[in-house]
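S.K.: Next comes the sequence, and after it the predicted model I'd like to discuss.
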Amino acid sequence: MSHSDAIDERDFATLGHLRDLYDRADPVPAGLGERLKFAITVQALHAEVAELTQSALLATRGTSRQVESTRIDSVTFSAPSVGLMVSVSQSEDREGHVRIDGWVTRPGAVVEAVMEDRAVTAGADANGRFVVHDLPHGPIHFVIRVDPSDPKARPVITPTIEV
């Protein structure tokens, strides 16, 4: 056999064993596919990306097979053009949902909370404050439009967090 021979059933079986080995030894983190799609979308948009600068608690990937994420109360993101802080609390309107209180450093900015199956837009007031009600728990990222009247202005996109 040489490296140029066609892949046969024995090769597929070996590759299957390797896949099973990696699934047990180093499983793919939950949500990685969605985070990759997000990263590719950001690259395509040529958007400014905010970085996570502060949070109360974050989950990190460890050696254990089952890594539980930790719920956070507040997170701060920063980018050269804008800063964003969000605080997450349980919704008073619906069980199992959250309310997000946020502040941006640019009053009048428009903030879009993007989840897997929906996006909710909120405008910041003169103090930079905005509220998004009744969101289900799950992964979320924010898109900030500092000057909503300028369609050519680059949006700022945050990393995905779990609420």
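M.R.: Sure thing, it's come through. Numbering: from 1, shown residues only.
S.K.: phi, psi of Thr76?
M.R.: The phi and psi values for Thr76, taken as degrees, to the nearest 10, are phi -120, psi 130.
S.K.: Count the neighbours of it for me.
M.R.: Neighbour count for Thr76, taken as other C-beta atoms under 10 Å: 16. For the C-beta atoms, the positions are set from N, CA and C on the backbone; glycine is no exception.
S.K.: Correct me if wrong: it contacts Val82.
M.R.: No. Counting by C-beta atoms under 8 Å, Val82 is not a contact partner of Thr76; they are 11.7 Å apart.
S.K.: Would you check how far apart the closest residue to Met115 other than its chain neighbours and Ala79 are?
M.R.: Nearest residue to Met115, sequence neighbours excluded (C-beta to C-beta, 6 or more residues apart in numbering): Ile140, at 5.2 Å. Using C-beta to C-beta, to the nearest Å, Ile140 is found at 17 Å from Ala79.
S.K.: any idea where the helices of this protein begin and end?
M.R.: Listed in chain order, the helices of the chain (DSSP state H) span 9-25, 32-45.
S.K.: Looks like Gly128 contacts Pro107 (just checking).
M.R.: Yes. Under the criterion of C-beta under 8 Å, Gly128 makes contact with Pro107 at 4.8 Å.
S.K.: So between the two, which is more surrounded?
M.R.: Legend: neighbour count by other C-beta under 10 Å for Gly128 and Pro107, higher for Gly128 (19 against 13).
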